[in-house]
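Undergrad: got a sequence here, can you build the structure:
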Amino acid sequence: PRMRQSHVGGEKVFVDFAGDTIGVTDPDSGVVWQARLFVATMGASNLVFAEARASEGLADWIGAHVSLFAALGGVPKFVVCDNLKSAVISADRYEPGLNRSYLELAEHYGTTILPARPGKPRDKAKVEQSVLLAERWILARLRNARFFSLAELNGAITTLTADLNARIMRGFGASRAELFTALDAPALHDLPERPYAFARWKRCRVGPDYHVEVEGHWYSVPFRLIRQVLDVRVAEGTVEAFHRGERVASHPRARQRRGHTTLPEHMPSAHRRHAQWTPARLLEEAARIGPATVALCEAVMAARPHPEQGFRTCLGILALARTYGAARLDAACGRGASIRARSVASIRSILQNGLERAFLEEEVERRPPPPHGNIRGGGYFH
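TA: Numbers count the residues shown, from 1 in each chain. Have a look, this model is predicted:
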């Protein structure tokens, strides 16, 4: 027995891909590739919508729905779909698992996705019949035509679909377009201000370097989430990471592969300080200790092929000020510069053995003696 279904205006739209394809010729190489035909039909009016897409992948599946709602001028209450992987990630009779991007599309448009039961094509009999109509009235009539782009193909499909919807149906005494205007169009929900922008979701585990990998590029997240599993939303211009439903990071999407994007606030404080070191900043820190320390740091960086190779040595020398004080360290750096000792171990040895005192004494001996008196009234007094 077959149950007769009643459809309320604006309530349901049935969607699916046709089984037959149509060829599109690449204008540069001459290679012919097969486009897939997306078909939708309204429940009450039987209005048919058709659009050629490059594949049955997620991006094309979502894009076809955006085009469908724009063509309808509104949004039906329910969308009844088949169990293809772009829509349903786990087909189940009672609790089907929907693709997260598909759910996001439904939330954006304020509609609800109702997958058909697995192995039950009569749940979407409307679109099954419309697929047959599309294959006979659209694909069959275009089988001998040559198209060099999807836009050109869709132009022809739009014309033939309009003709199909304008034909009078014998059982109704009206066309699909007329019934849509009378039954479905008044009951559709309003379109949102902006169409849905496609985004793909993926699950990523945070690496020990507090970055997640998306399409060959690495994006930083707060370091406290190392080893955690995050939900990452990859849109056209942004990459967002979510932990337990809370957004923890957002980056502009980078197009180059094998690179990384890191925000300073995601780094541990020690990593942040290390990343901020530059030759100018090192010399600025050395100037707070003394001129001899500045001279020694300049000599260390100048002796290396790249100044960055001397950063760790300079940082080790500056760290000695916490143990020995700025005055003793500056004297030790002066002593080290005079004997060409430019390692952390050498400066530490000078400080441990008190050799910087001899350098201070030598400096005092080299200074010119102060005047023995002051001039007052044309004479000296002591």
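
Undergrad: just checking, residue 79 touches residue 115?
TA: No. Counting by CB atoms under 8 Å, residue 79 does not reach residue 115; the two are 9.4 Å apart. The way it works is simple: take the backbone N, C-alpha and C, and place the C-beta from them, glycine included.

Undergrad: for the protein, just list every one of the helices.
TA: The residue ranges that make up the helices of the chain, judged by DSSP state H, are 58-72, 100-109, 125-134, 150-166, 176-179, 269-275, 279-287, 291-302, 311-319, 321-324, 326-338, 344-352, 355-366.

Undergrad: which of these is buried the deepest?
TA: For the helices of the chain, the largest average neighbour count (mean count of other CB atoms under 10 Å) is found in helix 326-338, namely a mean of 22.

Undergrad: packing partners of it?
TA: helix 291-302, helix 344-352, helix 355-366 (3 or more CB pairs under 8 Å, 6 or more residues apart in numbering; DSSP states H and E).

Undergrad: and the ones you listed as CSV, adding distance to residue 313 and mean pLDDT?
TA: Supplementary listing: the helices and strands packed on helix 326-338 in CSV, determined by distance: least, CB to CB, whole Å; pLDDT from 0 to 100:
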stretch, distance to residue 313, mean pLDDT
helix 291-302, 5, 90
helix 344-352, 6, 90
helix 355-366, 18, 64
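
Undergrad: how much space between the residue nearest to residue 228 when sequence neighbours are not counted and residue 216?
TA: Counting by CB to CB, 6 or more residues apart in numbering, the nearest residue to residue 228 once its immediate chain neighbours are dropped is residue 206, at 5.3 Å. When distances are taken as CB to CB, to the nearest Å, residue 206 and residue 216 turn out to be 17 Å apart.

Undergrad: out of these two, which sits in the busier spot?
TA: Legend: neighbour count by other CB atoms under 10 Å for residue 206 and residue 216, higher for residue 206 (24 against 11).

Undergrad: I'd assumed residue 212 was in contact with the more buried one.
TA: Yes. Under the criterion of CB under 8 Å, residue 206 lies in contact with residue 212, with a separation of 5.8 Å.

Undergrad: overlap of the contact sets of the two?
TA: Residues touching both residue 206 and residue 212 by CB atoms under 8 Å, 6 or more residues apart in numbering: 221, 230.

Undergrad: bridge partners for residue 175, pull those for me.
TA: Residue 175 forms beta bridges with residue 168, as assigned by DSSP bridges.
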